[in-house]
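Asker: Mind folding the following:
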Amino acid sequence: MDTRILVVEDEEKLARFIELELVHEGYEVSKAFDGRSALDMATEEHFDLILLDIMLPELNGLEVLRRIKNEGTSAADVPVILLTARDAVMDKVSGLDAGAVDYITKPFAIEELLARIRVALKLYHNRDTTGNGAGSSVNGDASEPEEGVYTWDKLVLNEKKHTVTYDGHEITLTNREFLMLMTMLANKDIVMSRDTLLEKVCGYDYAGETNVVDVYVRFLRSKIDEVFGIKMIQTVRGVGYVIKSE
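Answerer: Numbering: from 1, shown residues only. The predicted structure follows:
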């Protein structure tokens, strides 16, 4: 059965160009030119991957993504790559937090897009066949107990319960903030480069801008370090970040 890709792009010439390239690579392609049609197609038909523009008529791409991922649709587990002309880091972070596996900023080289599609499809296939999510590789580096409990000072992260507390106070984190923190806790005293953190958190060799990591670290510091008056996450200038043993 051919791999089916839904291309959601309101610029019809660009959508046609992407379609031709994907068909040439052996994919089966459907197109949608607005957010509402895209949502209907994604939930009523089977696709192996969705390329989703952010700036769309009817419903914007982030809203389409949110509904696909959070409303119990049949497409909830389908990998989504965002296509966007926006280069603001916060837009990209919002898309990743909403459930996208990757994003690519226009204008892009078609070779780069094809490479990202191959990686996303491979990741999705491996998850289906092994039952492991993108973040499952984190434990391979863990020096903590097998039950998945990571500690630092009064902070406790429980992987199985997906909870984080400091001195008994619960801390609410997004999925990617949680994975970022768990990765650093699992590798205490090891300086993690931005590229490594992106690879661990996203589950594959991420090719986007590494300053996305800085945004997540800033979020973690605002929710943990600043609230409890501690300095848990340390910056190693020119390299990345580290959590040192107490």
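Asker: Domains in the protein, by residue range?
Answerer: Domain segmentation of the chain under automatic domain parsing yields 4-130, 135-243.
Asker: Would you mind confirming that L22 is in contact with V7?
Answerer: Yes. Under the criterion of CB atoms under 8 Å, L22 makes contact with V7 at 7.3 Å. Bear in mind the C-beta positions are built from the backbone N, C-alpha and C, glycine included.
Asker: So for these two, which sits in the more crowded spot?
Answerer: Neighbour count, other CB atoms under 10 Å: between L22 and V7, V7 has more, with 25 against 21.
Asker: Could you verify that that one is part of a strand?
Answerer: Yes. Assessed with DSSP: H, G, I helix; E, B strand; the rest coil, V7 lies in a strand.
Asker: ok, now how distant is it from V64?
Answerer: The spacing between V7 and V64, counted by CB to CB, to the nearest Å, is 13 Å.
Asker: and if you look at L56?
Answerer: With distances taken as CB to CB, L56 is found 7 Å from V64.
Asker: which residues are in contact with both of the two?
Answerer: Shared between the contact lists of L56 and V64 (criterion: CB atoms under 8 Å, 6 or more residues apart in numbering) are residues 8, 35, 38.
Asker: Just name the closest of these to V29, please.
Answerer: Minimum distance to V29 across the shared contacts of L56 and V64 is 11.3 Å, recorded for V8 (CB to CB).
Asker: any idea of the mean pLDDT for the strand or helix carrying D195?
Answerer: For D195, the element it lies in under DSSP states H and E is helix 194-202. The average pLDDT within helix 194-202 is 77.
Asker: my guess is D225 meets T235, correct?
Answerer: No. With contact defined as CB under 8 Å, D225 does not count as touching T235 (11.5 Å).
Asker: So between those two, which is more surrounded?
Answerer: Neighbours were counted for D225 and for T235 using other CB under 10 Å; D225 has more, 16 against 13.
Asker: Find residues that contact each of L22 and V7.
Answerer: Joint contacts of L22 and V7 (CB under 8 Å, 6+ apart) are V29.
Asker: Please list all residues in contact with R36.
Answerer: 58-59.
Asker: how far away is it from N158?
Answerer: Going from R36 to N158 by CB to CB gives 40 Å.
Asker: now do V64
Answerer: In this structure, V64 and N158 are separated by 33 Å, where distance is defined by CB to CB.
Asker: if you count what's nearby, which of those two comes out ahead?
Answerer: Neighbour totals were compared for V64 and N158, and V64 leads with 27 against 15 (other CB under 10 Å).
Asker: and that one, what pLDDT?
Answerer: V64 is given a pLDDT of 93.
Asker: Excluding sequence neighbours, find me the nearest residue to it.
Answerer: Excluding the flanking residues, the one nearest V64 by CB to CB, 6 or more residues apart in numbering is G35, at 4.7 Å.
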